[in-house]
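>>> Here is my input; please provide its structure:
(chains A and B)
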Number of protein chains: 2
Amino acid sequence: MTVDLTVPPQTRGPVRVVGTGLLGGSVGLALSARGVDVLLSDTSPTAQSLARDMGAGRLHTEAAGAVPRLVVVAAPPDVVAAVVAEELRRWPEAVVTDVASVKAEPLRTLREAGADVARYVGGHPMAGRERSGAVSARADLFAGRPWAVTTAEGTAPEAVELVRRLARDCGATPVELDPEQHDLAVALVSHTPQVAASLVAARLREAPEAAVGLAGQGLRDVTRIAASDPALWVQILTGNAGPVADVLRALREDLDRVIGALDAVRADPAAPGARGLLARAIADGGAGRDRIPGKHGAAPTHYAVLVVVVPDAPGQLALLLADIGEAGVNLEDLRLEHSPGQRVALAEVAGLPAAPAPLAVQLRQRGWTVPA
Amino acid sequence: MTVDLTVPPQTRGPVRVVGTGLLGGSVGLALSARGVDVLLSDTSPTAQSLARDMGAGRLHTEAAGAVPRLVVVAAPPDVVAAVVAEELRRWPEAVVTDVASVKAEPLRTLREAGADVARYVGGHPMAGRERSGAVSARADLFAGRPWAVTTAEGTAPEAVELVRRLARDCGATPVELDPEQHDLAVALVSHTPQVAASLVAARLREAPEAAVGLAGQGLRDVTRIAASDPALWVQILTGNAGPVADVLRALREDLDRVIGALDAVRADPAAPGARGLLARAIADGGAGRDRIPGKHGAAPTHYAVLVVVVPDAPGQLALLLADIGEAGVNLEDLRLEHSPGQRVALAEVAGLPAAPAPLAVQLRQRGWTVPA
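A predicted model of the protein is given here:
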């Protein structure tokens, strides 16, 4: 379902995967499922055998003569540059890529070490799981995700094309950036949101029971990723410390202005300028939000949205979606909203422009409560 | 569907609604739908006639002799205390409540004015819409939402019971707190998350196109409410300036510590204590997140979660949910995850404990891709 196996892969093997944990194992599974020859290698004999047993490829040691065209380094961030340098040296005809979440520092290290960086292309699939290890690997881990492909001065265009094909064969969408752009980008779209979600959620620790009882869908959305693994995030944040600190510092300046405006209002309800500053802070957030692409590349606000009342019983949501499917509408997004102790949920249904108006009419005809 | 109309209402009329905008109009619609006599009053003749035409009740001016048992003041926050005081004076036998989003300041004003506060009970339904006015009112606006009911020393218990019944008759769940608890609670669960979401989203305004192209579901969730109305939020934030500033100040201290740790790592990758501080910040967020109640009162992390691959075509999600319904499982939550340009989505399906394991087995038997 994830990757259309009837389309031939664009990647030609053998592909050597170094590090057969969650990401390396998943690359192996995705490529093997499409018939690409994958050679597995891990410093842990157990990990590489496990990946082989799961169908991620064959052990490179068992295929002594095999020379890879492409090497995917899926080693921990703190050793990735050293492993990439070693692979570039060992396979002088191969293109080498990696899957680490930071891109500028490894390239700097490679250059300083005199590595042949024309054959190195940075990679970063925007995918992960709450579990790690080859045992958690899946062929569809990258399906539907962006896969950052970073290039620098001197990178060979053919090498870049090979890594773009790898991303597509794994079901992902390649997005090209330079390493510094990438590190700032993930600071903006991933690392800063994580810190903000965690800090907002942390404020709830000491909240009285009645206070958390007032929680609505907004709080649930803002804090969902606060449930992430602390150990993993320490590695991610420290690996991108500079860009993350820069974005957080800009955010803190905005926060200081908001606090200042609130203090001014508290001291004098008619404080000049305070309301304008607060309105601008919220409006700027809306403008930023508008830049996030939706499923088909458009910003989510461009979809029309319906709210439908769904009785809280097995099968009701299925009935609703069956009715939506019969109306020929392809959902962009669906979100269930509910609160403790209630017998109904609200389903927020987002559809392509023009679709929802007739959809609302059709759903009402079928007996659904669709508030205007 | 929203309010079970076969159960008799607990509220006895006449109920007078002062202010027939979104909230007042919706209270009128909800009560009228259940046969309660609702008397409408608004300083705008157009607004009150519109609410009447929508079925929210009858005009109080036309029923000169009608004496309300309960008055619901749904006036703008800056006049709510004055209107409540006037209603308490005018209807000496009635209980008066309101729906304003801040509770401490109005009560203080009422006490200073010598109002009969034993008959006043603060109310705050945790519901809203992106549109305002009676024309946007709906009978199900409060369905499934918490409705804060605030009491103070001297509030008559019978008065509190009347307002609890009002909330339940509107389909909401009453949550009792004192006014200061309420204002701190909404600062924590609503106002601070809004500011954080807006500030994180605002950082995206200047981001390069390729950077926002890396956005995933985490960013979408954190910034969803950043699309809120600036004018509305200026009123809400300035109305609760003290508690919001206090929570934001505590959040800024946490943020300063995170920035300090990142700067320390940037200066010296082996900086002592920095990693521990970052891990604690993320772990504290997880602990706070665990306190948010889910649909049936339990924290969301207590539900087991399945991820299912859903082809991006009309009717596929309906098929999936039909299969889930046939398995007798009542969904706690459902979330669609997708990225630009992809042909599949991932559905995250949360069910009651014990349910998901056999559900995964059943779904696989029906041909769905359910990664382990």
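>>> Output the below-cut-off pLDDT ranges for the stretch 51-200 of chain A.
Where the stretch 51-200 of chain A drops to pLDDT under 70, the residues are A:128-132.
>>> Tell me which stretches of it form helices.
Listed from the start of the chain, the stretch 51-200 of chain A has helices (DSSP state H, counting those that start in this stretch) covering A:80-90, A:104-112, A:157-169, A:179-186, A:192-202.
>>> What residue in the stretch 1-150 of chain A comes nearest to chain B?
Of all residues in the stretch 1-150 of chain A, A:Gly144 sits closest to chain B, with a separation of 3.6 Å (C-beta to the nearest C-beta). Where C-beta positions appear, they are placed from N, C-alpha and C, glycine not excepted.
>>> thinking again about what came up before, switch the helices of the stretch 51-200 of chain A over to TSV; also include distance to chain B.
Formatted as TSV, those follow (distance: least, C-beta to the nearest C-beta, whole Å):
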stretch	distance to chain B
helix A:80-90	13
helix A:104-112	10
helix A:157-169	10
helix A:179-186	3
helix A:192-202	3
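>>> which of the ones you listed is buried the deepest?
helix A:192-202 (a mean of 27; mean count of other C-beta atoms under 10 Å in any protein chain shown).
>>> Okay, angle between that helix and helix A:179-186 too, please.
Angle between the axes of helix A:192-202 and helix A:179-186 is 30 degrees (criterion: axes from the mean of the first three to the mean of the last three C-alpha atoms, to 10 degrees).
>>> which outside residues touch helix A:192-202?
A:222-226, A:228, A:233, A:236-237, A:244, A:247-248, A:251, B:192-193, B:196-197, B:199-200, B:203, B:218-219, B:222-223, B:251, B:254-255, B:258, B:281-282, B:284-289 (C-beta atoms under 8 Å, 6 or more residues apart in numbering or on different chains).
>>> Which of those residues are buried, as a ChimeraX select command?
In ChimeraX, this line selects whichever of the contacts of helix A:192-202 come out buried by 16 or more other C-beta atoms under 10 Å in any protein chain shown:
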select /A:222,223,224,225,226,228,233,236,237,244,247,248,251 /B:192,193,196,197,199,200,203,218,219,222,223,251,254,255,258,281,282,284,285,286,288,289
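>>> Narrow the contacts of helix A:192-202 to those in helices?
The helices, defined by DSSP state H, take in A:222-223, A:233, A:236-237, A:244, A:247-248, A:251, B:192-193, B:196-197, B:199-200, B:218-219, B:222-223, B:251, B:254-255, B:258, B:281-282, B:284-289 from the contacts of helix A:192-202.
>>> end-to-end on stretch A:47-65?
Between the start and the finish of stretch A:47-65 there is a gap of 22 Å, counting by C-alpha to C-alpha, to the nearest Å.
>>> buried residues in that stretch?
Buried residues in stretch A:47-65, defined by neighbour count with 16+ other C-beta under 10 Å: A:Ala47, A:Gln48, A:Leu50, A:Ala51, A:Arg52, A:Met54, A:Ala56, A:Gly57, A:Arg58, A:Leu59, A:His60, A:Ala63.
>>> Now A:Ser41: phi and psi?
phi -150, psi 130 (degrees, to the nearest 10).
>>> Could you check how many residues crowd around it?
As a burial measure, the neighbour count of A:Ser41 was computed by other C-beta atoms under 10 Å in any protein chain shown and equals 21.
>>> correct me, but it touches A:Ala47?
No: counting by C-beta atoms under 8 Å, A:Ala47 is not a contact partner of A:Ser41; they are 9.9 Å apart.
>>> Any chance you could list residues touching both of these two?
Between them, A:Ser41 and A:Ala47 have A:Thr20 as joint contacts when contacts are counted by C-beta under 8 Å, 6+ apart.
>>> circling back: and which of the buried residues of stretch A:47-65 is nearest A:Glu112?
Sorting these by how near they are to A:Glu112, with C-beta to C-beta, puts A:His60 at the top with 28.2 Å.
>>> Name all residues that make contact with that closest one.
Listed by C-beta under 8 Å, 6+ apart, the contact partners of A:His60 are A:Arg16, A:Leu39, A:Leu40, A:Ser41, A:Ala66.
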